[in-house]
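> prediction below, plus the sequence it came from.
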Amino acid sequence: MDRDYDVIVIGSGAAGLSAAISAADSGASVLICESEQVVGGSSRLSGGHFYAAGTSVQKKAGVPDDTADDMYEHYMTLNQWKVDPRIVRKYCDLSAPTFEWLVDLGVQFLPEGVYPSGVSSVPRGHQPGGGGQEVINTLDGHRSHKNVDIVLDARVTELLVERDNRIAGVSINGDKAFSGAVVLATGGFGANQALLDKYYPQSQAAGDWSWYIGAEGARGDGISLGESVGATVDGHDRGLLLVTPGFSQDLEVLFPSWLILVNRRGRRFVSESAPYTVLGGLIEAQGGSAYAIFDETARMNASPNSASQAYWVSDVLQKKAEEGFIKRANDLESLAENIGIQADALAGTIDNYNRDSDLGFDSAFFKSGKLEKIQTPPYYGVEVRPAIICWTGAGLRIDEKTNVIDRNEKPIAGLYAAGETVGNLHGDRYVGGGGSFGPAIVFGKLAGEEAALFAVSRND
Ligand SMILES: Cc1cc2nc3c(=O)[nH]c(=O)nc-3n(C[C@H](O)[C@H](O)[C@H](O)COP(=O)(O)OP(=O)(O)OC[C@H]3O[C@@H](n4cnc5c(N)ncnc54)[C@H](O)[C@@H]3O)c2cc1C
């Protein structure tokens, strides 16, 4: 069958653009199909942080020698080895070389943007100056420079299969385009309620608090297209939920240091400065809710000290208290009753916390930042839940060459996947900021190379 392109890439996010560029660099003719009218998917909305070990920018930032081996060990341990080692290993091995490829393409990562982005003291998060949009702009510029064609507003509805079960192209509502290989880079499924129910039920535990912050194109098409040709889905119930009081529908990552978090029993259960990568899971383990407690002094002095705390400011807190959204009371016992938690334990918790504040040290949870006593009425309490769906972890099972695996554990000839479409990379815990965008580029670039190799070698 005559082919229109060597490689067709479905999706124009970080994974899809990386795949397209590397396939073109490997000598393939390439088409990208993008369902939306704009390039970039969730990638362009993201911070564009890249989690990698052993990069030139880490060295410039003075990070002591960091290696793929150390990153692998940390990743596996954090997830109690309940992840696919060959995929994690591949990510760790390729994180630095792929990062340098991105730098060579022109994305600026400054040493000041290197930070410990997860549950680790090793700074592996790399923040680009202009966020995900800058990365997308740079990749898209190279895409067009390399004559990679793109069609927007073109949602792929079917994969074409040849007689020998090789994937041979795509169909957009009956309009067919034939190719030697196809890369699925369709992102996650946060915008698809049915798939959230099926593959990420934990994300629905917060009830009507739950909402998805990513792009509309994240409908999980990669999963349904893959399943239609025999692919398997891994990573059940994995993803990243950010914790929120629901003040607004905006990105929230950090809590201010002047509040404490307690559970229904009125006890603290975590350092309020714990990384967002683990906080959602810890609140889930408390029954899905926690309560932020603070006093009038904290409310009056509350001012944003980072973009993600923009809503924990005094006038917003005052307004939310007047609306009854935040509960307020003149004594702790009444506050506990109002929010439905154990009053005697809350009093003891705050007594201990205030004593630690006097000493300037959180002896229970080692919270970082200045401890503020909770002693001035009125007291405030507001429920928080892990409810913002940032990205989804379930997706297609791939091998270390990004080939999509079928139900018999065999690669599906000509079908590759990368980015949030992939399901066997993430564990129960997010490794750190950059742990989704980074691998989208790592596996995107690899998928492009592998798809081109396959397509060019099978040019019959
Ligand atoms: C606000 C926000 C901040 C984030 N910040 C970070 C961060 O700093 N670091 C990090 O690691 N992760 C971050 N993430 C997650 C990360 O951005 C994503 O997981 C990653 O960018 C996904 O890349 P992707 O290429 O797989 O998918 P996407 O970028 O979503 O691209 C997929 C593309 O495929 C298209 N598509 C879907 N179906 C079809 C179809 N049938 N036909 C044609 N096209 C289709 C979509 O429209 C979309 O354009 C963030 C996410 C959000 C929402």
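That came through, no problem. None of these values were measured; they are calculated from a predicted model.

> need phi/psi at residue 37.
The phi/psi pair for residue 37 (degrees, to the nearest 10) reads phi -90, psi 0.

> which residues touch the nearest residue to residue 311 once chain neighbours are set aside?
In space, and not counting its chain neighbours, residue 311 is closest to residue 247: 4.3 Å by CB to CB, 6 or more residues apart in numbering. (Glycine included, C-beta is placed from N, CA and C.) With contact taken as CB atoms under 8 Å, 6 or more residues apart in numbering, residue 247 is in contact with 311, 316, 320, 325.

> assign the closest residue to the last one other than its chain neighbours to helix, strand or coil.
The spatially closest residue to residue 325, leaving aside those adjacent along the chain, is residue 382, at 7.1 Å (CB to CB, 6+ apart). Each residue gets one of three states, and residue 382 gets strand by DSSP: H, G, I helix; E, B strand; the rest coil.

> could you do residue 319 as well?
helix.

> ok, now how distant is it from the ligand?
According to CB to the nearest ligand atom, to the nearest Å, residue 319 stands 25 Å off from the ligand.

> can you pull the poorly scored residue ranges out of the stretch 301-450 of the chain?
Low-confidence segments of the stretch 301-450 of the chain, defined by pLDDT under 70, are located at 305-309.

> picking that back up, I'd assumed the residue nearest to residue 311 was in a strand, is it?
No. Residue 247 is assigned coil when assessed by three-state DSSP, not a strand.

> quick one: it and residue 312, what's the gap?
Noted for residue 247: a distance of 8 Å to residue 312, by CB to CB, to the nearest Å.

> ok, back up a step: of the contacts of residue 247, closest to the ligand?
Of all the contacts of residue 247, the ligand sits closest to residue 311, with 15.6 Å by CB to the nearest ligand atom.

> so where does that closest one fall, helix or strand?
For residue 311, there is no host helix or strand (DSSP states H and E).

> surely it meets residue 251?
No. With contact defined as CB atoms under 8 Å, residue 311 does not count as touching residue 251 (10.5 Å).

> can you name the residues that contact the residue nearest the centre of the chain?
Central residue of the chain (CA atoms, centre = their mean): residue 391, 4.4 Å from the mean position. Residue 391 makes contacts with 42, 188, 190, 214, 239-240, 420, 436, as judged by CB under 8 Å, 6+ apart.

> filter these down to the ones in strands?
Residues of the contacts of residue 391 located in strands (DSSP state E): 239-240.

> turn the contacts of residue 391 into TSV, including distance to residue 59 and neighbour count.
Shown next, in TSV, are these (distance: CB to CB, whole Å; neighbours: other CB atoms under 10 Å):
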residue	distance to residue 59	neighbour count
42	30	28
188	33	35
190	35	28
214	33	22
239	33	24
240	29	22
420	30	35
436	24	28
